[in-house]
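Chemist: here is a sequence with its predicted model. Questions after.
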Amino acid sequence: MKKFVKVIFLVFVLISTNIFAKSNESESYVQIAQKLMNNFADEIEKEHGLSCIGTGGRMPYDIEEFSLKLLSHNRTSVKEARELLVRITEKFLEEINSNKKVRPFLREYPFEPFRAEVSIAFWENGIPGKEDGSLIHAFQVKNQIFYYCGEEGKPIHTLLAEEPYEEALKIVMDGPKKGESEQDPI
């Protein structure tokens, strides 16, 4: 009887070990998503000189949302921030939608802009937001782009402007028409 119990125990251990070994071999969708974000952040750093200061998303049962937080080491205008934010968001969506490993786990395909949050903080020489009314933070969330500035004596950033993502996308992709002024709606 002792020998039978030992054999059963040994079989149980071998089966358990084999099951766990297989589960460790395959990547979870969270690991696949994280790898995609890390690779994309590296690409953006090389291309635009932006540092990635955070990644994340909502992934309770599938990939519902991606989030990417970037840091620019230069100050910029709303127009330049819009251009950067839209181009990075569009490239991020392209990267997400073309990734065959991540695609089966996406909440919807193709992944839409409201599911890819991109945020850029603008610091100068490693110093966070100046309190002189200049742009310090721009982000795209839920199909809206928000632009914030810092103002002297105000501990909280002030909303400078906001616009629908689709309008910003149209402005960036269309550019100014020949003979038209480059008038910015913001």
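Modeler: Looks like it came in fine. Numbers count the residues shown, from 1 in each chain.

Chemist: where along the protein do the helices fall?
Modeler: Per DSSP state H, the chain carries helices over the ranges 2-25, 29-48, 78-98, 165-174.

Chemist: only alpha carbons, please: show the shortest one as PDB.
Modeler: The C-alpha atoms that make up helix 165-174 are tabulated as PDB, following Å, rounded to 0.1, in the frame of the first residue of the first chain:
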ATOM      1  CA  TYR A 165      -9.300  64.200 -31.000                       C
ATOM      2  CA  GLU A 166     -11.000  63.900 -34.400                       C
ATOM      3  CA  GLU A 167     -10.600  67.700 -35.000                       C
ATOM      4  CA  ALA A 168      -7.000  67.600 -34.000                       C
ATOM      5  CA  LEU A 169      -6.400  64.600 -36.300                       C
ATOM      6  CA  LYS A 170      -8.000  66.500 -39.200                       C
ATOM      7  CA  ILE A 171      -5.800  69.600 -38.500                       C
ATOM      8  CA  VAL A 172      -2.600  67.600 -38.300                       C
ATOM      9  CA  MET A 173      -3.300  65.300 -41.300                       C
ATOM     10  CA  ASP A 174      -4.700  67.900 -43.600                       C
END
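
Chemist: residues contacting the residue lying closest to residue 30 once chain neighbours are set aside?
Modeler: Counting by CB to CB, 6 or more residues apart in numbering, residue 30 lies nearest to residue 59, which is 5.6 Å off, once chain neighbours are set aside. No exception for glycine: its C-beta is placed from N, CA and C like everyone else's. Residue 59 is in contact with 29-30, 33, 65, counting by CB atoms under 8 Å, 6 or more residues apart in numbering.
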